[in-house]
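**Q** Everything below, folded, please.
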Amino acid sequence: MLPWLLSTLPDWARPAISWLLQPSVLATLGVFSAVVFVASLVGVPMFLARVPAHFFTARERERYSVPPPARSRWRWRRTACVARNALGIVLLLLGVATLVLPGQGLLTILVALCLVDFPGKHKLLRRIVASPRVFNVINSLRRRAGHPPLDRALLTQDQAQND
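**A** Sure thing, here's the model as predicted:
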């Protein structure tokens, strides 16, 4: 352990930092970081390549809107919604972590935002995807996977109508 580091810290932070600097904790964090890195390298491009080309437009959202479920399927639908939101929150936390750890932080956050339900979600997603850097990265991933590119004209037209 680094005694000079612990001596410079406030008393309330010393136990947490000394625990973090233990070899077993550092090894666990290293393995976790490697797993998140590999998962983001494989999963995020796969997801972004497979979304429909018009996924981020309002017209597409209306096309995929599902009528209210039958009473018998209500529990399954609610369970799926909770599971999707939980996965989205986990991905959001991992995306924020991979902003400083190795991995694709911004793309992981984008995938997380696609999964989580919150007011203004679609407007935020359209704004993020319409930025030139993100748009070009997504389209290069889609091109490598053999899928058609996202349609910028529909995206910007749809964004202009909703603003």
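**Q** in the one helix or strand residue 127 maps to, what's buried?
**A** Using DSSP states H and E, residue 127 maps to helix 121-130. Of all the residues in helix 121-130, those buried under the rule 16 or more other Cβ atoms under 10 Å are 122, 125, 126, 129, 130. Bear in mind the C-beta positions are built from the backbone N, C-alpha and C, glycine included.
**Q** quick one: which of those is nearest to residue 116?
**A** residue 125 (10.5 Å; Cβ to Cβ).
**Q** What segments of this protein are helices?
**A** In the chain, the segments counted as helices under DSSP state H are 3-8, 14-20, 23-50, 58-63, 74-97, 105-115, 121-130, 132-144, 152-162.
**Q** out of those, deepest packed?
**A** Ranked by mean neighbour count, the helices of the chain are led by helix 105-115 with a mean of 20 (mean count of other Cβ atoms under 10 Å).
**Q** Can you check what angle separates that helix from helix 23-50?
**A** 60 degrees (axes from the mean of the first three to the mean of the last three Cα atoms, to 10 degrees).
**Q** Quick one: list the elements packing against the helix holding residue 127.
**A** helix 105-115, helix 132-144, helix 152-162 (3 or more Cβ pairs under 8 Å, 6 or more residues apart in numbering; DSSP states H and E).
**Q** Could you export these as a markdown table, including mean pLDDT and distance to residue 42?
**A** A markdown table is the format used below for the helices and strands packed on helix 121-130 (pLDDT from 0 to 100; distance: least, Cβ to Cβ, whole Å):
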| stretch | mean pLDDT | distance to residue 42 |
| --- | --- | --- |
| helix 105-115 | 85 | 12 |
| helix 132-144 | 87 | 12 |
| helix 152-162 | 58 | 26 |
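**Q** Relative to residue 22, which of those helices is closest?
**A** That would be, of these and by Cβ to Cβ, helix 105-115, which comes in at 26.5 Å.
**Q** Give me the angle between that closest one and helix 74-97.
**A** 160 degrees.
**Q** which residues touch stretch 108-120?
**A** 40, 43-44, 47-48, 51, 81, 84-85, 87-92, 94-96, 98, 121, 124-125, 128-129, 134 (Cβ atoms under 8 Å, 6 or more residues apart in numbering).
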